[in-house]
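Colleague: structure for the following, please:
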Amino acid sequence: MEVKIKHFNLLFKHKFTISKGSKTHQSIIIVELDHFGVKGYGEAPMISYYNITVEKMLEDMEKKKSFLEKFAFSDPERYWHYLHHLFPDNSFLVCALDMAGWDLYGKIKRKQLHELWGLDIEKAPVTDFTIGIDTIENMVAKMKEQPWPIYKIKVGVENDMEMVAELRKHTDAVFRVDANAGWSLEQALEKIPVLKKLGVELLEQPLAKQDWEGMKTLYTVSAIPLIADESCVSEADVKKCHKHFHGINIKLTKCGGITPARRMITKARELQMDIMIGCMNESSVGTAAIAQLAPLVDYVDMDGPLLLAEDIARGVGFDFGKIIYTASPGLGLEIEPL
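Modeller: I've put the predicted structure just below:
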């Protein structure tokens with residue numbers, strides 16, 4: 001196995017702002033696995049508030065590259081367990097390599113992953129489109145620029161209910177709201193009834209990720225389903241979120257890839273929780289991986305390529321939110337070798 005890694009810094013169409021801060025570019029790493037001439041690709045973005053930098057991913061890869069290249073690849077799940085022990089403190093890098101392992105496996109089998117898993121892509125939910133925090137005028141303009149059936153609106157600032165109310169005046173599309181842990185319990189109790197009146201479908205991560213007591217209170221009274229994001233990082237968090245949230249948002253980068261995400265989906269179903277798969281502004285590489293799992297979940301947030309002005313691959317497309325799959329095996333990508 002030959003392993004390569006490359007860093008890209010992709011420009012957003014518009015400055016992207018959430019309650020934690022703003023950015024104009026999305027920094028990512030792409031990995032390439034070459035197994036007897038068959039190449040698999042995976043991605044991990046750099047997210048500042050998780051403290052795993054591109055430099056850390058590059059450094060860890062370089063230190064353990066010889067171990068990766070000596071591994072006798074046969075199936076992705078066995079590969080993930082090897083990666084998990086090789087990089088115990090770097091789920092982002094594990095995600096990229098796991099994703100590439102699955103892409104490679106699908107190409108060897110000459111099928112897309114959803115076909116190997118026996119999934120019906122007609123059951124894949126429509127993806128939302130994210131409206132980042134901005135002036136109300138700019139948020140309305142962004143929404144009009146991208147007509148869409150479902151919008152995910154970032155909140156967590158002082159005038160956020162005014163923002164949602166103004167956006168509602170311009171569309172009857174489904175609204176989802178994401179506070180990114182930006183509210184106190186008191187603020188959430190005050191704002192949730194307002195969101196209900198504005199026809200909001202669900203609310204992501206209203207409180208700080210460790211405020212389990214606050215979430216327990218909110219869970220019992222909320223008129224809107226509450227979805228865990230920052231509170232649900234890895235497999236162990238699924239059970240913790242039960243009876244504190246109505247559902248979970250699985251991020252491949254945070255949990256360590258496709259392999260653990262599938263187990264998280266199984267566990268959440270056992271607990272009768274709603275499931276979203278979300279993105280972290282990945283390019284078409286990471287987005288194509290999300291698409292393979294989409295038929296298994298209730299909601300998808302995979303608009304990374306729509307928010308970026310630059311991309312490094314061709315993968316899934318979108319028809320007014322509906323996921324359009326390619327005919328290529330593995331993740332379904334067209335990409336130039338690294």
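Colleague: return the residues in contact with the closest residue to residue 232 other than its chain neighbours.
Modeller: Ranked by CB to CB, 6 or more residues apart in numbering and with sequence neighbours excluded, the top spatial neighbour of residue 232 is residue 248, at 4.4 Å. Glycine gets a C-beta too; all of them are placed from N, C-alpha and C. The contact partners of residue 248, taken as CB atoms under 8 Å, 6 or more residues apart in numbering, are 227-228, 232, 237-238, 241, 264, 268, 273-276.
Colleague: which SS class is residue 248?
Modeller: Using DSSP: H, G, I helix; E, B strand; the rest coil, the secondary structure recorded for residue 248 is strand.
Colleague: that one pairs with what?
Modeller: Beta-bridge partners for residue 248, by DSSP bridges, are residue 228, residue 275.
Colleague: pick the one among the contacts of residue 248 closest to residue 213.
Modeller: Top of the list for closeness to residue 213, among the contacts of residue 248 and by CB to CB, is residue 241 at 13.8 Å.
Colleague: count the residues that sit near the closest residue to the closest one other than its chain neighbours.
Modeller: Residue nearest to residue 241 in three dimensions, not counting chain neighbours: residue 228, with 4.4 Å by CB to CB, 6+ apart. Neighbours of residue 228 under the rule other CB atoms under 10 Å: 25.
Colleague: so residue 337 makes contact with residue 37?
Modeller: No: assessed by CB atoms under 8 Å, residue 337 is found out of contact with residue 37, at 10.8 Å.
Colleague: give me the common contacts of those two.
Modeller: Taking CB under 8 Å, 6+ apart as the contact criterion, residue 337 and residue 37 have no common neighbours.
Colleague: starting at the chain centroid, how far to whichever strand or helix holds residue 203?
Modeller: Using DSSP states H and E, residue 203 sits within strand 200-204. Relative to the mean C-alpha coordinate of its chain, strand 200-204 is positioned 16 Å out (CA atoms, centre = their mean, to the nearest Å).
Colleague: next SSE downstream of that strand?
Modeller: Stepping forward along the backbone from strand 200-204, the first helix or strand reached (DSSP H and E) is helix 212-221.
Colleague: how about that next one: buried residues?
Modeller: For helix 212-221, the buried set under the neighbour-count rule, 16 or more other CB atoms under 10 Å, comprises 214-215, 217-219.
Colleague: repeat that for stretch 318-327.
Modeller: Using 16+ other CB under 10 Å as the test for burial, stretch 318-327 gives 318, 321, 323, 325-326.
Colleague: quick check: end-to-end length of it?
Modeller: This stretch, stretch 318-327, spans 15 Å end to end (CA to CA, to the nearest Å).
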